[in-house]
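> 3D model of this:
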Amino acid sequence: MPLILEEDSRIANGFDPTSATTLYWKDVPVSVRQHDREDQTELLTFRILSGATKQNHSLRVLRIHVSSEQDPYFLHTLEVTEDEFQSLKAKQGILVDFASFPGKIISLLERCIRSQASDMPRFQPVLVVHPQESVLKIVETNDFKQLAHITLAFKPGNDFTVKQFLAFRLGEVKDDCQKLQGQLSNSKSECSEFQQQLGSCQQQLADLQERHSRQTLELEVQLREQAAAAQQDKLQQVAAVKAQLGRELDEAAKRHSQQQELLNSRIAELDAEGRKLRDQKYKLDTQLSELGHKLGSSEGSCRALQQEVDTLRSQQNQLSADKHKLEMQLSDTKAHLLAMQEKCSSQAQLVAQQQARLSDLEAATKQWESRCADLRELVLGHEARCKDAAAEVMKGNEVIEKLQTDLRLLKEKAKRKQAILVRQEEELASRDSQLAAAQREVAALTHSKDSLSQELTAVKADNGELRAKLDESRQQLQSNEQMIRWLNQQVTDAQLQVSAVPGSRFKFRPSHLAGAGAAAATTPVLSSGSYAAGRASSPGLVDTASKLATKQQRTATSFSAFSPQTVTPRQNYTAPPHNAVAVGRR
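Got it, this is the predicted structure:
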């Protein structure tokens, strides 16, 4: 049943409790912060409901209640509709829609529960309690700061809502108690029925035990009677088996006598075959001697030896075929003997009274075995001679193997030479690669050489330009020196001309103005042509000299103007040449 909080008429008319379903209901550790006390972590109950409004069932509503089992008056409520969720989504930048929003809140709460096991929980819900509005934050703590995933504004419960909440919880508890009482009554009725069934089952078990005891007694009596009858039948069967064994023993004795006669005839045949084998052995001995002479005479040539080896191999094949035939015959005789021994052993096991007769038969079989052993010895002698012949054949094979070893050595030498050639080819390939690398290095060096030569030509060109500039500067220096000499000559000429003019104002030179007069006397007077030529050759030097000349002239004229002895009438004043004035102004 969903929880209903009817705080005002809007909520009562807005939320439809009949359509509400509980999505989440679990205790979560929350850090509670209040202004009148310190922060503390409390276990609060979160209950998330999803429903619709009463007026419009298509408009969904989400309710979240936060309560405490320790404090019944602790209650905080949040109700969000789809329209209000859009504004909340825009404010906090939520990326999910209204349908998946409760699931994300539930997942964050589950993370908070799981992270409480550690000393420093990564996810922690924080509830900041205020009188009018509380704020719930789900905070993630990382190495840098605390990051709030979601911030929700809850409304604290007043007396009416708290009483309504407690009344509703009391109603839920009563409903649960009634359900539990109904389940308890049902379980008690089922328990009484089970007890009745258990009593009937115990009575049935007692009846079955009595029946079982009766049946066991009857079965024991029947088993005893059957055992007595079986024992009588067994005695009759033993007597019948003894009579049958006597008859079988008589038949076996007759069969044994017949088989003994057959064996005697077989032994005679084997003796005749042994004589034939001796004759064949003598023939083989003669053949082996002849082959020995042939092998001794054929040691000189390899081809003859190979042919004789082939003939010996063919003869050996014939001998092996004869040997195989003899072995087959021996195996047949052995098989017959084994069959007889098995029959005799079976008869000896069945009849213990006929051991004496069987011992005679065993003695006879031992004689037959001794004869077979003689035949085996003959065969072994024949095999030894065959081995001698095989040894001679092995000698021929050794000669062939020597030739084959020589051939292998030659092949190995050829392989070694081929390996040496391969190594030489590899060395040549490595040398070719080194040569190619050296050629690449040479190409790089030639390229660097070309670039250096280009730089050297550029440096040489710059050096030539610098030398040309140096030559020009030297020529300019020489022309400046010539100009200075010419200027000095002009200055001396001017001084001589000034000293030759009578009553000139430049004659009087006071002692305290001698330096100034001498400086003024050195003022050059230039003609227009000489000045033009000097300016063309060294314009900077000419400008400097002209400036110095004007300064000296002005100084000399100022000092001469203030001298009382140098004052002359205006008509006696001789103006300087036009060219000199022009040079001074410049």
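
> Distance from the helix or strand hosting residue 242 to the middle of the chain?
Take DSSP states H and E as the rule and residue 242 turns out to sit in helix 159-297. The chain centre lies 56 Å from the centre of helix 159-297; the measure is CA atoms, centre = their mean, to the nearest Å.

> One more: stretch 38-48?
With CA atoms, centre = their mean, you get 46 Å for stretch 38-48.

> buried sites along that stretch?
If you call a residue buried by 16 or more other CB atoms under 10 Å, then stretch 38-48 has these buried ones: 42, 44, 46, 47, 48. (Each C-beta comes from the backbone N, C-alpha and C, glycine too.)

> Quick one: list the elements packing against the helix holding residue 242.
strand 75-81, helix 302-350, helix 355-500 (3 or more CB pairs under 8 Å, 6 or more residues apart in numbering; DSSP states H and E).

> just those: most buried one?
strand 75-81 (a mean of 19; mean count of other CB atoms under 10 Å).

> That strand: what's the following helix or strand?
Downstream of strand 75-81 (by DSSP H and E), the next one is helix 82-92.

> could you check the angle helix 82-92 makes with the helix or strand just after that next one?
Note on helix 82-92: by DSSP H and E, the next helix or strand toward the C-terminus is helix 101-115. Orientation check (axes from the mean of the first three to the mean of the last three CA atoms, to 10 degrees): helix 101-115 against helix 82-92 gives 50 degrees.

> Please enumerate residues in contact with helix 101-115?
23-24, 26, 28-29, 46, 48, 50, 62, 64, 85, 94, 96, 121-125, 138, 149-150 (CB atoms under 8 Å, 6 or more residues apart in numbering).

> Just the buried ones among the residues you listed, please.
23-24, 28, 46, 48, 50, 62, 64, 85, 94, 121, 123-125, 138, 150.

> picking that back up, out of the contacts of helix 101-115, which are inside helices?
In this view, the contacts of helix 101-115 that belong to helices under DSSP state H are residue 85.

> so residue 126 bridges to which residues?
residue 31, residue 137 (DSSP bridges).

> neighbours around it, how many?
18 (other CB atoms under 10 Å).

> Would you mind listing the residues in contact with it?
Counted by CB under 8 Å, 6+ apart, residue 126 has contacts 30, 31, 33, 136, 137, 138, 139.

> before we move on, back to that, among the buried ones among the contacts of helix 101-115, which are located in strands?
Judged by DSSP state E, strands contain the following of these: 23-24, 28, 46, 48, 50, 62, 64, 123-125, 138, 150.

> Okay, now the unreliable bits of the stretch 1-150 of the chain?
1-18 (pLDDT under 70).

> try 50
Applying pLDDT under 50 to the stretch 1-150 of the chain flags the ranges 1-13.

> Then the chain?
In the chain, residues with pLDDT under 50: 1-13, 504-538, 541-542, 556, 558-586.

> dump the residue contacts of residue 131.
Neighbours of residue 131 in contact, by CB under 8 Å, 6+ apart: residue 156.

> related to what we said a few turns ago, ok, the contacts of residue 126 vs residue 55, which is closest?
residue 136 (28.2 Å; CB to CB).

> what's the closest one in contact with, if anything?
66, 76, 78, 125, 126, 127, 128, 151, 152, 154.

> That one - nearest residue in space that isn't next to it in sequence?
Using CB to CB, 6 or more residues apart in numbering and skipping the chain neighbours, the partner closest in space to residue 136 is residue 152 (4.7 Å).

> so that neighbour touches residue 133, yeah?
No: contact between residue 152 and residue 133 fails when scored by CB atoms under 8 Å: they sit 10.6 Å apart.
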